[in-house]
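**Q** below: sequence and its predicted model.
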Amino acid sequence: MKAVTLTTRPQRRERIIKQEAEGTAVLLSMDSGDYYSLEEVGVRVWELCDGRRSVQEIAAILGDEYDAAAETIQRDLLELLNDLMNENLVDEGTPAMGRGPGGL
């Protein structure tokens, strides 16, 4: 499986059900029946995994929202996203297409 990097654009997989209660979420794969629990920051990361934002962009958003060092945010974010990818909860999204000269 491909490792998540700062340029990866994570995207939530289809057929994943999210149930939230008091700052915690449980993700359930309808395909495997496996579930994964997320705390408050993990829930925010899940929301930001839209396939358009890079990990670096997600880290910057989290840096604005939470009081932690940028290096810590990036390290923890990469670890979480690698876990989510290994659990088949997120995929790598399609890179954004450029709109410069000759672009569409």
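**A** That came in fine, so what should we check first?

**Q** could you say which helix or strand contains the nearest residue to Leu27 once chain neighbours are set aside?
**A** By the measure of C-beta to C-beta, 6 or more residues apart in numbering, the closest residue to Leu27 outside its immediate chain neighbours is Tyr36, 4.6 Å from it. In short, each C-beta sits where N, CA and C put it, glycine included. Using DSSP states H and E, Tyr36 sits in strand 35-38.

**Q** all helices of this protein, in order?
**A** 40-48, 55-65, 70-86 (DSSP state H).

**Q** of all those helices, which lies closest to Asp31?
**A** The minimum distance between Asp31 and the helices of the chain falls on helix 70-86, with 14.8 Å, by C-beta to C-beta.

**Q** just the buried positions in that closest one, please.
**A** In terms of neighbour count (16 or more other C-beta atoms under 10 Å), helix 70-86 has its buried residues at 73-74, 76-78, 80-82, 84-85.

**Q** any chance of those residues in TSV, plus pLDDT and distance to Val4?
**A** Listed next are these as TSV, based on pLDDT from 0 to 100; distance: C-beta to C-beta, whole Å:
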residue	pLDDT	distance to Val4
Ile73	97	14
Gln74	97	11
Asp76	97	12
Leu77	97	9
Leu78	97	6
Leu80	97	9
Leu81	97	4
Asn82	96	5
Leu84	95	9
Met85	94	6
